[in-house]
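>>> Build me a model from this:
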Amino acid sequence: MSNILIVTPKIPCPPDDGFRIRIFNFIKSLSDKNKIYLLSIVTSPEEKQRINTLLPFCTKIYTISNFSKRSWLKIKLDSVKNILMENIPYGVKQYYFEEVASQVNQIIKRHNIKILYLYYAWMGVYIDDLSEQTYKILDSCDAFSRFYRQNYLNSKIITKKIRFYFEWKKMTNIERNLFPKFDKVLTVSPFDSMALKEINPNINIEVISNGVDLKYFQKTDEVETKINELIFTGTMNYGPNVDAVLFFYRQILPLIKKRIPDVIFNIVGKSPSKHIINISIDPSLNVTGKVLDIRPYMERSNIFVCPLRYGAGIKNKVLEAMAMGLPVVCTKISNEGIGAVNGRDLLIADNPQSFADAAIKIMLNKDLRQSLSVNSRNFVESNFDWSIMASKIQSIIDLV
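Next up, the predicted model:
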């Protein structure tokens, strides 16, 4: 049994978005064979209360409070200052506090920590602040230089394009110069691993994918499936998700409507952007905002669509849909790191017409729907159980 200190830039619960799902499940799984100490930055009193849900899995929980609220103008000014005067990306700077490094060093010494596990690429900047000797793992998840580069290439607004350009270059420097100092760097997909290796081949990388909660995400048949309903899930102010929704609404949905006029597109997830709110007046759209449980919406839908055009890492939404036995139509990038077989486990389409044709084909073909439903569930059962992923991390720990 090893003493492990896990450090996160945000609280890892509830597991309701891509950031939290991974670390929440790793904390649960690793606690079976190790003593887990958790240090998290919290931004509100409510968050501090929610972190108590992890008490059954943690020997001790430490928090650092950052309750300061900034005006819209202050955020913009800080962003400009960061672009012009600072060497780390703005997203990283928001989670850099000297108190974190000080606390980490104290906790390592106090609890004889064997493994230091820094969660998320942003935390890589702390490596030079650590004085205590311990085995250091950085779970970068994604190659964020790759993510910022894609945002730069896809942004249409010049101010965003400038910001993402500098974020890309600054994050590349962090990955090149700081990531090799870790004993192990984790990514969720081989694509992110290759991107980091291209930046610096001396980074010691291991790919450990995300999993899916197969007990939670499974079909119950308690909700009647609507043959004409499609669904997309996620955090709806996240750039790649917003782009995917608007791309589907403007270029794919009209093609589907030509064959299935009464089609309904369910857009399920918290914090819809103003662009998504603006299109929600269309009666063929159902924009829910935050829901307590996405599973009933998935069960009532006939197809899960994932028309992402850019992004990094692995798409939890696709894994969850497949676990529910929901037929999936997605772009090639949506299947990155998952490796599902096109035509067997899901259907892949990258242009509006082929995407619409694939969705229509599933909606009108009961045998195809059934086949994709069974195969998708079998695929994630065999490849994406959280216990499989946690065992890979445990193997690293056991070798230290």
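
>>> so where's this structure uncertain?
Scanning the chain for pLDDT under 70 picks out the ranges 67.

>>> helices or strands up against the longest helix anywhere in it?
Across the chain, the longest stretch assigned as helix under DSSP state H is helix 158-177. Secondary-structure packing of helix 158-177 (3 or more Cβ pairs under 8 Å, 6 or more residues apart in numbering; DSSP states H and E): helix 72-85, helix 90-93, helix 144-154, helix 190-199. Every C-beta, even on glycine, is put in place using the N, C-alpha and C of the backbone.

>>> Looking at these, which is nearest to residue 22?
The closest of the helices and strands packed on helix 158-177 to residue 22 is helix 190-199. By Cβ to Cβ, the value is 13.0 Å.

>>> the inter-axis angle of that closest one versus helix 158-177?
Helix 190-199 and helix 158-177 are oriented at 70 degrees to each other (axes from the mean of the first three to the mean of the last three Cα atoms, to 10 degrees).

>>> Tabulate the CA atom coordinates of helix 190-199 in CSV.
As requested, the backbone C-alpha atoms of helix 190-199 are provided in CSV (Å, rounded to 0.1, in the frame of the first residue of the first chain):
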residue,chain,number,x,y,z
PRO,A,190,-2.1,7.9,-28.5
PHE,A,191,-2.7,11.0,-30.6
ASP,A,192,-2.0,13.2,-27.6
SER,A,193,1.1,11.0,-26.8
MET,A,194,2.4,11.4,-30.3
ALA,A,195,1.9,15.2,-30.2
LEU,A,196,3.9,15.5,-27.0
LYS,A,197,6.7,13.2,-28.3
GLU,A,198,7.0,15.4,-31.3
ILE,A,199,7.6,18.4,-29.0
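
>>> and the next element down the chain from that helix?
strand 205-207 (DSSP states H and E).

>>> That following strand pairs with which strands, and in what direction?
In the sheet, strand 205-207 lines up against strand 184-187 (parallel) (DSSP bridges).

>>> Just give me how far the strand it pairs with sits from the chain centre.
16 Å (Cα atoms, centre = their mean, to the nearest Å).

>>> Export that strand to PDB, keeping only CA atoms.
Extracted in PDB, the C-alpha atoms of strand 184-187 (Å, rounded to 0.1, in the frame of the first residue of the first chain):
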ATOM      1  CA  LYS A 184       5.800   9.700 -15.800                       C
ATOM      2  CA  VAL A 185       3.400  11.700 -18.000                       C
ATOM      3  CA  LEU A 186      -0.100  10.200 -18.700                       C
ATOM      4  CA  THR A 187      -2.300  11.000 -21.700                       C
END
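
>>> thinking again about what came up before, the longest helix of the chain vs helix 144-154, what angle?
160 degrees.

>>> How about helix 158-177, which residues are buried there?
163, 164, 165, 166, 167, 168, 170, 171, 172, 174, 175 (16 or more other Cβ atoms under 10 Å).

>>> quick revisit: any idea which of the helices and strands packed on helix 158-177 gets closest to residue 262?
Closest among those, using Cβ to Cβ: helix 144-154, at 32.4 Å.

>>> so how far is the closest one off the chain centroid?
15 Å.

>>> One more: stretch 187-201?
Worked out by Cα atoms, centre = their mean, stretch 187-201 lies 17 Å from the chain centre.

>>> now swap in stretch 350-365 and tell me
On Cα atoms, centre = their mean, the centre of stretch 350-365 falls 26 Å from that of its chain.

>>> now swap in stretch 273-290 and tell me
Distance of stretch 273-290 from the chain centroid (Cα atoms, centre = their mean) equals 22 Å.

>>> what do you get for stretch 387-400?
21 Å.

>>> CA atoms only for it - export them in CSV, please.
Extracted as CSV, the C-alpha positions of stretch 387-400 are listed here (Å, rounded to 0.1, in the frame of the first residue of the first chain):
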residue,chain,number,x,y,z
SER,A,387,-11.1,-1.0,-13.5
ILE,A,388,-9.0,-1.7,-16.5
MET,A,389,-7.6,1.8,-16.6
ALA,A,390,-7.0,2.0,-12.9
SER,A,391,-5.1,-1.3,-13.0
LYS,A,392,-2.7,0.3,-15.4
ILE,A,393,-2.0,3.2,-13.0
GLN,A,394,-1.6,0.7,-10.2
SER,A,395,1.0,-1.2,-12.2
ILE,A,396,3.0,2.0,-12.4
ILE,A,397,2.7,2.6,-8.6
ASP,A,398,3.7,-1.0,-7.9
LEU,A,399,7.0,-0.5,-9.7
VAL,A,400,8.0,2.5,-7.7
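
>>> Name the residues that touch that stretch?
2, 4, 25-26, 29-30, 33-34, 114-115, 135, 137, 184, 186, 206, 208-211 (Cβ atoms under 8 Å, 6 or more residues apart in numbering).

>>> Go again with 7 Å.
Here stretch 387-400 makes contact (Cβ atoms under 7 Å, 6 or more residues apart in numbering) with 2, 26, 29-30, 33-34, 114-115, 135, 184, 206, 208-211.

>>> and it, which residues are buried?
Buried positions in stretch 387-400, judged by neighbour count with 16+ other Cβ under 10 Å: 389, 390, 393, 394, 396, 397.
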